[in-house]
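In: Make a model of this:
(2 chains)
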Amino acid sequence: MSDRDVQGSTTRSSPLLLAAAWIAVGIPMLWGVMMTVKKAAQLFR
Amino acid sequence: MAGLLDRERTVAGPGFNRWLVPPAALAIHLSIGMAYGLSVFWKPLTQVLGITKPIEGDWTITQVNLTFALGIFFLGSSAAVFGRWLERVGPRRAGVIAAFCWGGGFLISALGVRLHILPLLWLGLGVIGGCGLGLGYISPVSTLIKWFPDRRGLATGMAIMGFGGGAMIGAPLADILMKHFASPTSVGVAETFVVLGVVYFIAMLCGAFGYRVPPRDWQPEGWTPPATQKAAQTKRHVHVDVAWKLPQFWLLWGVLFLNVTAGIGVLSLASPMIQEIFGGRLIGVAGGLADLTAEQKASVASIAAGFTGLLSLASLIGRIGWASASDVIGRKLTYIIFFALGAVLYGLAPYAGNHGMVALFVALFVVILTMYGGGFATIPAYLADVFGTAFVGAIHGRLLTAWSVAGLVGPAIMSYIRESQLAHGVAPAQAYNITMFILAGLLVVGFVCNLLVRPVAERYYMTDDQLGREARPAGK
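Out: Modelled structure (predicted):
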């Protein structure tokens, strides 16, 4: 199934916008996960 | 401004990519998820006057900790009260109001800290911020379920994963900011509240304006609901005012309540629990916690902080992992696994503790916490399967009262039994054994509740006329 959606569509959402949206939430999340992994690593020292 | 917030203005145009909606939802959930990271402020807040140490007139931990309890209480209450309104006005208006409440809550609390007025702290992050939590939490659920009829679990899992991840970003960020703003006259909390309030306000506004609802009767290209698909997944709709009177609602309330009670109880005492059970063994030294030197205790505390971090990570992974898996194996089976496996794992924890098996103990709780997170993320899709999608946001809002109650009951069970055991002379290392069996018992009750969930009887579904009279908005 295609995720580019919507029946009979002509104007697609910009892939750049999609990438920017995911990067905007992905970078802080990765940073947070990295900080947590660092903290959790003390458990295995 | 008002027009921009209208539901009609949020209906997606042709060609809109539905994968733009999850990041919008994540922007909101990552912001409000800081609710679980607020504990980073408690200690500094007890020395706002003394700066380097608490002095006469400073707030106590119990007083400042009430802010969190209020926040969770108002999360559940506002979700229950405003869920129906949200279905009517759409997710964008709710998201914008959530941004004002959560961002504004930080600013009011900052004022409370600056003026050292405790009720202002409670009002800001507890009452007003709590309402922002509730509205923000439920704002994307219904929309995501309608955009992803083929992957309901994955869609809601992505958003609710953000709530689990919010504290992972917010807590270390707050720590950095407090150190930056700390001065001989300030602990840096008020300034940090202002910065976070502004950042969260902007992030949540971006998320709210990123929301789009699908056009009426929209479905993914090339996708048709399989005729034999998941018998438990209804294609019809139950009105929210009917749904909450049905046994299915209260059984699912019990499912969420019991799953959360067990998990939140462990989370609330994770750090002291691992320290007291294993003591010196955590750093390769014989003896209990009481036998260690100050330096050794600091090392043990640091390892316990690592354990808490690992549990948070497990909860986050569980939210997306289990919710996605539920799309394949079904919602009911997912919860059967949570409760059956969870009960076994809780039952094994005392064995691992008594035999000094640290790795097994940690592994048990990592799996348990994935199921705790998974329980939150899978419940909206379960509700949509049972009651349909027309009022799922409002029904989910009412169900979240289970979270508010569990937030009080879970930690209370853990603390009360631990203290009672210690008062009866039980060694600290064994003080959690009975608690684990009680939590396992709660999961057995949850298992039964889940098994009893049946499809809604025909007479409770809305007719097409009733749906029309509800002036259902686009996308329903």
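In: Over to residue B:374: give its phi and psi.
Out: phi -60, psi -30 (degrees, to the nearest 10).
In: wait, what's in contact with it?
Out: Residue B:374 is in contact with B:318-319, B:321-323, B:326, B:334, B:338, counting by CB atoms under 8 Å, 6 or more residues apart in numbering or on different chains. Every residue, glycine included, has its C-beta placed from N, CA and C.
In: which one of these has the most neighbours?
Out: Highest neighbour count within these, by other CB atoms under 10 Å in any protein chain shown: residue B:323, with 32 neighbours.
In: about what we covered before: near chain A, which of the contacts of residue B:374 show up?
Out: Near chain A, taking CB under 8 Å from any CB of the partner chain as the test, no member of these is found.
In: Among the residues you listed, which one lies nearest to chain A?
Out: residue B:319 (12.2 Å; CB to the nearest CB).
In: okay if I get the contacts of residue B:374 as TSV plus pLDDT?
Out: Below are the contacts of residue B:374 laid out as TSV (pLDDT from 0 to 100):
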residue	pLDDT
B:318	96
B:319	95
B:321	96
B:322	97
B:323	96
B:326	96
B:334	97
B:338	97
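In: As TSV, those residues with secondary structure would be great.
Out: Converted to TSV, the contacts of residue B:374 look like this (DSSP: H, G, I helix; E, B strand; the rest coil):
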residue	secondary structure
B:318	helix
B:319	helix
B:321	helix
B:322	helix
B:323	helix
B:326	helix
B:334	helix
B:338	helix
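In: Can I get the helix or strand of chain B with the lowest mean pLDDT in PDB, CA atoms only?
Out: Least confident helix or strand of chain B, by mean pLDDT, DSSP states H and E, is helix B:2-5 with a mean of 77. Extracted in PDB, the C-alpha atoms of helix B:2-5 (Å, rounded to 0.1, in the frame of the first residue of the first chain):
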ATOM      1  CA  ALA B   2     -10.200  31.800  15.800                       C
ATOM      2  CA  GLY B   3     -10.800  30.800  12.100                       C
ATOM      3  CA  LEU B   4      -7.400  29.300  11.900                       C
ATOM      4  CA  LEU B   5      -8.200  27.000  14.800                       C
END
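In: Quick check: residue B:311 vs residue A:40, distance?
Out: Noted for residue B:311: a distance of 9 Å to residue A:40, by CB to CB, to the nearest Å.
In: before we move on, what about residue B:238?
Out: Taken as CB to CB, the span from residue B:238 to residue A:40 is 42 Å.
In: Contact partners for residue 42?
Out: Since no chain was named, I'll use chain A. B:302-303, B:305-306.
In: meant chain B, my bad for not saying
Out: Contacts of residue B:42 by CB under 8 Å, 6+ apart are B:61, B:64-65.
In: which secondary structure element contains the residue nearest to residue B:440 when sequence neighbours are not counted?
Out: Spatial nearest neighbour of residue B:440, chain neighbours left out: residue B:346 (3.8 Å); criterion: CB to CB, 6 or more residues apart in numbering or on different chains. According to DSSP states H and E, residue B:346 maps onto helix B:331-354.
In: Which positions within that helix qualify as buried?
Out: B:331-332, B:334-339, B:342-343, B:345-350, B:352-353 (16 or more other CB atoms under 10 Å in any protein chain shown).
In: Which strands or helices does the helix or strand where residue B:201 lies pack on?
Out: Using DSSP H and E, residue B:201 sits in helix B:189-210. Contact partners of helix B:189-210 among helices and strands, from 3 or more CB pairs under 8 Å, 6 or more residues apart in numbering or on different chains; DSSP states H and E: helix B:21-32, helix B:91-115, helix B:152-181.
In: Run through the residues of the stretch 351-476 of chain B sitting next to chain A.
Out: Counting by CB under 8 Å from any CB, the stretch 351-476 of chain B sits next to chain A at residue B:362.
In: Helices of the stretch 351-476 of chain B, start to end?
Out: For the stretch 351-476 of chain B, the helices defined by DSSP state H, counting those that start in this stretch cover B:358-387, B:392-399, B:401-423, B:433-452, B:464-469.
In: most neighbours per residue, which of those?
Out: helix B:392-399 (a mean of 29; mean count of other CB atoms under 10 Å in any protein chain shown).
In: which residues touch residue B:388?
Out: Residues in contact with residue B:388 (CB under 8 Å, 6+ apart) are B:234-238, B:461.
In: Kind regards, and thank you for your time.
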